[in-house]
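Visitor: After the sequence you'll find the predicted model.
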Amino acid sequence: MKKQALRAVTMLVSIIVFAFATAVATTAQSGGNTLRADIPFDFVVGNKTLSAGQYRLKQISADGSGLSVRNSNGGHNAIRLTNPVTAKAPTKKSMLTFRRYGNTYFLAQIWVSGSAEGREMIKSTAERDLAKGEAEAGLAQNAKPQILTIVANVE
């Protein structure tokens, strides 16, 4: 009786360890690529303004919804939720897309070369307010921002 209980416990522990190891390996592989980009202007991620410089962008959640944006010097960083966005064809280059309202740039999308799926930043209250303000002030027809793209490198 004790031998059967011991075998059952051993088998259960083995299954749990195997499942845990598989989950860790899968998460590590699905963690996505790290992108590195030189951004020549100050920009906004969520409610945080980051200064111009070299940045690393990495998915920080298994489903890809969390994104970390870190200055290579370690000075500035931000974390933001994203939504999936799909292109008609896989992108040829990794890139970051920004929306510009006046002199304010907002990180908008992240694309990795070879994939038709990218990540889109959830618009912050500040960006929505700025777009609304421009429309109300008549500064821009339909408050359409200028779109800028910066090529990024996969690390």
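Guide: Sure thing, it's come through. Numbers count the residues shown, from 1 in each chain.
Visitor: Domain-wise, how is this structure divided?
Guide: 1-30, 32-154 (automatic domain parsing).
Visitor: So which residue is smack in the middle of the protein?
Guide: Residue closest to the mean C-alpha point of the chain, counted by Cα atoms, centre = their mean, is Leu67 at 3.4 Å.
Visitor: Parallel or antiparallel, list what pairs with the longest strand belonging to the chain.
Guide: Taking DSSP state E as the criterion, the chain has its longest strand at strand 77-86. Partner strands for strand 77-86, per DSSP bridges, with pairing direction: strand 66-71 (antiparallel), strand 117-121 (antiparallel).
Visitor: thinking again about what came up before, lowest average confidence across the domains of the chain, which one?
Guide: Lowest mean pLDDT of those: domain 1-30, a mean of 50.
Visitor: doesn't Arg80 make contact with Phe106?
Guide: No: shown here, Phe106 and Arg80 do not form a contact pair, counting by Cβ atoms under 8 Å, at 10.5 Å. In this view, the C-beta of every residue, glycine as well, is placed from N, C-alpha and C.
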